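Sequence and predicted model, in that order:
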Amino acid sequence: MSTAPRGEPADSSADPALAALLRVVDDLAASTHQVGELMLEVAPAYLFDTAAADVLAPLCDAIGEELQHGLGPVRRIMFG
């Protein structure tokens, strides 16, 4: 899943707290995308849910992520 870059509002430079918050949101979005890519590397989209769950369960457990969230990228690729 990719998203178009979001431009900062014109007044974000006038408000340092808003600018900092926008940077945190951008960092979170980038991290979420990277985790999704990792999930797809570990469990390619062609695997059925049961096979993907078997492969992703140890990774999700190790990083403290719920298995359903780990399966999300695989399901989005398969079912749109």
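Nice, thanks for sending it over.

do you know how far the residue most central in space within the chain is from Leu38?
Nearest to the mean C-alpha position of the chain, by CA atoms, centre = their mean, lies Thr32 at 2.6 Å. Computed as CB to CB, to the nearest Å, the Thr32 to Leu38 distance reads 11 Å. Just so you know, the C-beta spots here come from the backbone N, C-alpha and C atoms, and that holds for glycine as well.

One more: Ala45?
Distance of Ala45 to Leu38, computed by CB to CB: 13 Å.

Next: Asp54.
17 Å.

for Ala51, same thing?
Taking CB to CB, one finds Ala51 at 17 Å from Leu38.

what does Arg23 give?
Using CB to CB, which is the criterion applied here, Arg23 is 23 Å from Leu38.

Of those two, give the one with the bigger neighbour count.
When neighbours are counted by other CB atoms under 10 Å, Arg23 and Leu38 differ, and Leu38 comes out ahead with 15 against 12.

Now do the SS call for the more buried one.
helix (DSSP: H, G, I helix; E, B strand; the rest coil).

check contacts around it.
By CB atoms under 8 Å, 6 or more residues apart in numbering, the contact set of Leu38 is Leu59.

Repeat that for Ala43.
Going by CB under 8 Å, 6+ apart, Ala43 touches 51-52, 55-56, 70-71, 74.

hang on, the earlier thing: is the residue nearest to the centre of the chain within a helix or a strand, and which one?
When elements are defined using DSSP states H and E, Thr32 is found to belong to helix 16-42.

tell me the SS of the residue sitting furthest away from the middle of the chain?
What lies farthest from the middle of the chain is Ala14; by CA atoms, centre = their mean that is 30.1 Å. Three-state assignment for Ala14 (three-state DSSP): coil.
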